[in-house]
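>>> just coords:
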């Protein structure tokens, strides 16, 4: 279980798409669950990542995009659920259906876990989130593949130069469940120079 941590608007979803796009280029099958963005928006982001074209160019250069992606051996399945309508059980059931159709899954992306509803009847949000992350890790183990998701920072992470575990919002215990965490931060200066920082 890998987690990308960043403040709002810094590029958590885009980072997850980049991870998925690289896996597709490596001939892997990626299942991308989107709980916030439309599936068509996510698809365009993949097209942009794979082709290197800007998001604004995708529609005017459809033929170019098709030429670039038609021979890719990797596969992408995008499934959209409304925010807080899906749980880890929903994801598990969908993956099970794919497995029954003999689709072997190499990477699962959940954008993002904090927007899943909990299967358990725990009232406290931080315990709910910890439970969701544990359930995702269980799915990764069962399907023998990596799961990538994202999490938001608290307010102190907004202008932090380097985001560490201290800036994780809601449930600090998510850190203990995840196997790999990296954060993305962009100060005002970074945004003006079109750069950012990644911290592992």
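Perfect, I can see it now. Remember, it's a predicted structure, so these values are computed and weren't measured experimentally.
>>> Helices of this protein, start to end?
Taking DSSP state H as the criterion, the chain contains helices spanning 12-25, 39-51, 62-69, 88-100, 125-143, 174-177, 188-192.
>>> Can I get the ones you listed in a markdown table including mean pLDDT and mean neighbour count?
Backbone N, C-alpha and C define where each C-beta goes, glycine included. What follows is the helices of the chain, written out as a markdown table (pLDDT from 0 to 100; neighbours: other C-beta atoms under 10 Å):
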| stretch | mean pLDDT | mean neighbour count |
| --- | --- | --- |
| helix 12-25 | 96 | 20 |
| helix 39-51 | 95 | 19 |
| helix 62-69 | 91 | 13 |
| helix 88-100 | 97 | 15 |
| helix 125-143 | 90 | 18 |
| helix 174-177 | 80 | 18 |
| helix 188-192 | 86 | 10 |
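>>> TSV for those helices, including distance to residue 198?
Converted to TSV, the helices of the chain look like this (distance: least, C-beta to C-beta, whole Å):
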stretch	distance to residue 198
helix 12-25	9
helix 39-51	16
helix 62-69	26
helix 88-100	27
helix 125-143	21
helix 174-177	17
helix 188-192	11
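>>> just so I know, which of these lies nearest residue 152?
Taking C-beta to C-beta, helix 12-25 is the member of those nearest to residue 152, at 7.5 Å.
>>> Could you list every helix and strand that that closest one packs against?
strand 2-6, strand 29-34, helix 39-51, strand 75-80, strand 107-111, strand 146-152 (3 or more C-beta pairs under 8 Å, 6 or more residues apart in numbering; DSSP states H and E).
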